[in-house]
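Colleague: Here is my input, please return the structure:
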Amino acid sequence: MFSRRPDSPEPPTRRRVLLATGGIAVTAGIGWGSNWLVAYNRYERSNVGKLGFHNRLRIPELLDPAVSGDGTRRYELELTPGTSEFLPGKKTATWGINGPYLAPTLRVRDGDRVALTIGNGLPDATTLHWHGMHLPSAMDGGPHQMIAKGQVWRPRWTVHQPAATLWYHPHPHGSTGSHVYRGIAGMIIVDDAVSIRSGLPSTYGVDDIPLVLQDKNFHDDGSLDFSESTLSDTVAGVDSLGLLGDTILVNGTHDPHFEVTTERVRLRLLNGSNARVYELGFPGDKTFHLVATENGLLKRPRALTRLRLAPGERAEVVVMFTAGEKAVLRSLPPDLKVGFPTHRFAGGDDTFDLLELRAAPSLKPSPPLPTRIDGAPADITLPAEPRTRRLKFVGTRINGKSMDMNRVDEVVPAGATEIWEVERGDGNVHAFHLHGATFNVLKVDGEEPPAFMRGPKDTVYLPGTGTVRLAVRFDTLTDERIPYMYHCHVLRHEDDGMMGQFLVVEPGREAKVSTTIDSPDAHGGSHH
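Modeller: Have a look, this model is predicted:
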């Protein structure tokens, strides 16, 4: 038996070991809690009172070419890197189309034959997706239609849908977020006979104004900050949503104002942000009228004081002004229907002034706002026994699956009207987008949806840990090889695999087509 020397340290007892390790755990817990609290406090963001609205709002160029001899409207687009000045005296490396940042607004009409020539002068392969457009899947611009660096894509289709505000943006699998964040985004205005005779404001850039809302983070030198979270955020466990910026750009303009010259102004609102949800309104609860959602005009304008827009959602509103009036379009804290503390970390406590609208001392009279828009899209009628498909959004998975470019998840008969039930099965922020189709929102967690949320739509926020029930009407265009997408439009989630694919085929062919895809374009191919 060995004896301990008098001057040797006493061996640790079990009690001392437990006290020591417990102390380390307590210290670590205190450190984590302190770090979490710092992150929590930092995530309440606001610019209210900090802007002077010094910069005139930039209005994107309108491309509205005449019909050529063969009955086609032709558009020339060139994707290029560039340099922009958003913050005074600071240069930012950006991407744009036909310019250094953002893209022209494209105007088309129901029935048009359109032809685009798209050159990719970017350093990376990319795509252009026509978000909300009904068109063949081969022209959709999803991840199967990659445009390699230095190459050209020439999509063609015939417009066959009602008047709407759509948009276009990159859709490369795994890097959509960074490509959109750099600046590739533009609006598409679809006109039809109904919109032309509606009496709504329609002079582009005067009383019909596109507003592309984006949030950014900048480094001190003015360069874009692509960090989705800081190290302290990661340690605190708050980095599940992606990019949330503390600086707002409207049409690529920081600190903007717009000079109102007419009694009524139509604002075409696009949430072009990667992850942020906006709750739009005016201080003092100034009333405005919702006249359209993503896929078409409403039969009756709806008076609102608040309007929520999730990433990818659009809306058209008409605002009335009096001579000399100033009104600030503001994003107030949105009710995200998520619990503590996700609400704070997902931007639920943020307030941002977006744009000051300044009415001139004398305003040009505007036609009265129509009380009814005859010919606006009717509600989608369900068949007696519609097929129901169910999707569950959890983390970055849909029905437990991550996106596979070679797997078809659903096969839909052309022209079908179905029920899709989309469940948010976690406590995070998600927005559901469906390519090549239009839907109405029937129920939200079993309740009637608010007026602004009913449709016609192609993108919808998923509020609450529950289910959004949709009536979906699919197009009649078919392709047994090239799929459309459905996915979360929180771009980090999409890039991390929260996306599925579906084919639209001739009725009766659903069980006969292959559910495996071998498309060279899925791996970076190009179109010439």
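
Colleague: ranges for the strands of the stretch 151-300 of the chain?
Modeller: Assigned by DSSP state E, counting those that start in this stretch, the stretch 151-300 of the chain shows strands spanning 152-153, 156-158, 164-169, 186-191, 208-216, 247-250, 253-254, 256-262, 264-271, 278-281, 288-293, 296-304.

Colleague: possible to save those strands as JSON lines with mean neighbour count, mean pLDDT and distance to residue 322?
Modeller: Just so you know, the C-beta spots here come from the backbone N, C-alpha and C atoms, and that holds for glycine as well. Compiled in JSON lines, these are given as follows (neighbours: other C-beta atoms under 10 Å; pLDDT from 0 to 100; distance: least, C-beta to C-beta, whole Å):
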{"stretch": "strand 152-153", "mean neighbour count": "18", "mean pLDDT": "98", "distance to residue 322": "48"}
{"stretch": "strand 156-158", "mean neighbour count": "16", "mean pLDDT": "98", "distance to residue 322": "44"}
{"stretch": "strand 164-169", "mean neighbour count": "25", "mean pLDDT": "98", "distance to residue 322": "26"}
{"stretch": "strand 186-191", "mean neighbour count": "23", "mean pLDDT": "98", "distance to residue 322": "28"}
{"stretch": "strand 208-216", "mean neighbour count": "23", "mean pLDDT": "98", "distance to residue 322": "18"}
{"stretch": "strand 247-250", "mean neighbour count": "22", "mean pLDDT": "98", "distance to residue 322": "23"}
{"stretch": "strand 253-254", "mean neighbour count": "18", "mean pLDDT": "98", "distance to residue 322": "25"}
{"stretch": "strand 256-262", "mean neighbour count": "20", "mean pLDDT": "98", "distance to residue 322": "10"}
{"stretch": "strand 264-271", "mean neighbour count": "24", "mean pLDDT": "98", "distance to residue 322": "11"}
{"stretch": "strand 278-281", "mean neighbour count": "22", "mean pLDDT": "98", "distance to residue 322": "18"}
{"stretch": "strand 288-293", "mean neighbour count": "24", "mean pLDDT": "98", "distance to residue 322": "14"}
{"stretch": "strand 296-304", "mean neighbour count": "18", "mean pLDDT": "97", "distance to residue 322": "17"}
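
Colleague: how about the residue lying closest to residue 103 once chain neighbours are set aside, what does it touch?
Modeller: With sequence-adjacent residues excluded and distances taken as C-beta to C-beta, 6 or more residues apart in numbering, residue 103 is closest to residue 186, at 2.9 Å. Neighbouring residues of residue 186 by C-beta atoms under 8 Å, 6 or more residues apart in numbering: 60, 97, 102-106, 167-169, 212.

Colleague: Show me where the stretch 1-150 of the chain dips below the pLDDT cut-off.
Modeller: Across the stretch 1-150 of the chain, the ranges flagged by pLDDT under 70 are 1-35.

Colleague: need the strands for it, in chain order.
Modeller: Using DSSP E, counting those that start in this stretch, strands in the stretch 1-150 of the chain cover 55-56, 62-63, 72-84, 92-97, 105-109, 113-120, 129-131.

Colleague: Any idea which residue is closest to the centre of this protein?
Modeller: Nearest to the mean C-alpha position of the chain, by C-alpha atoms, centre = their mean, lies residue 312 at 2.1 Å.

Colleague: from what I can see that residue touches residue 131, true?
Modeller: Yes - Residue 312 is within contact range of residue 131, at 6.6 Å (criterion: C-beta atoms under 8 Å).

Colleague: how close does residue 69 get to residue 200?
Modeller: Distance from residue 69 to residue 200, counting by C-beta to C-beta, to the nearest Å: 32 Å.

Colleague: Quick check on these two: which one has the bigger neighbour count.
Modeller: Just comparing residue 69 and residue 200: by other C-beta atoms under 10 Å the higher neighbour count belongs to residue 200, 24 against 5.

Colleague: Now do the contacts for the closest residue to residue 311 other than its chain neighbours.
Modeller: Residue nearest to residue 311 in three dimensions, not counting chain neighbours: residue 489, with 4.7 Å by C-beta to C-beta, 6+ apart. Going by C-beta under 8 Å, 6+ apart, residue 489 touches 310-312, 431-433, 459.

Colleague: Tell me the residues that contact both of residue 312 and residue 131, please.
Modeller: 433, 459.

Colleague: Can you point out the buried residues in stretch 471-482?
Modeller: The neighbour-count check on stretch 471-482 (16 or more other C-beta atoms under 10 Å) flags 471-475, 477-480, 482 as buried.

Colleague: now the helices: where do they sit in the stretch 301-450 of the chain?
Modeller: Here the stretch 301-450 of the chain has its helices, by DSSP state H, counting those that start in this stretch, at 342-345.

Colleague: still on that earlier bit, any idea how far the residue nearest to residue 311 is from residue 329?
Modeller: For residue 489, the distance to residue 329 - C-beta to C-beta - is 22 Å.

Colleague: what do you get for residue 308?
Modeller: To residue 329, residue 308 is 14 Å away according to C-beta to C-beta.

Colleague: which of those two has more neighbours?
Modeller: residue 329 (26 against 22).

Colleague: Tell me who's in contact with the more buried one.
Modeller: So residue 329 contacts 211, 267, 280-282, 353-357 (C-beta under 8 Å, 6+ apart).

Colleague: where does it land on pLDDT?
Modeller: pLDDT recorded at residue 329 is 98.

Colleague: where's stretch 303-323 relative to the chain centroid, distance-wise?
Modeller: Distance of stretch 303-323 from its chain centroid, counting by C-alpha atoms, centre = their mean, to the nearest Å, is 16 Å.

Colleague: ugh, typo on my part, it should be stretch 109-120
Modeller: Distance, centroid of stretch 109-120 to centroid of chain: 22 Å (C-alpha atoms, centre = their mean).

Colleague: Can you get me a residue count around residue 385?
Modeller: Residue 385, neighbours per other C-beta under 10 Å, totals 6.

Colleague: what does the one 3 residues further on give?
Modeller: Here the neighbour count serves as a burial measure; for residue 388 (other C-beta under 10 Å) it reads 10.

Colleague: ok, for it, nearest residue in space, not its chain neighbours?
Modeller: Nearest residue to residue 388 in three dimensions, chain neighbours excluded: residue 419, at 4.3 Å (C-beta to C-beta, 6+ apart).

Colleague: mind listing what residue 289 touches?
Modeller: Residue 289 neighbours (C-beta under 8 Å, 6+ apart): 301-304, 317-319, 369.

Colleague: Thank you kindly, that will do.
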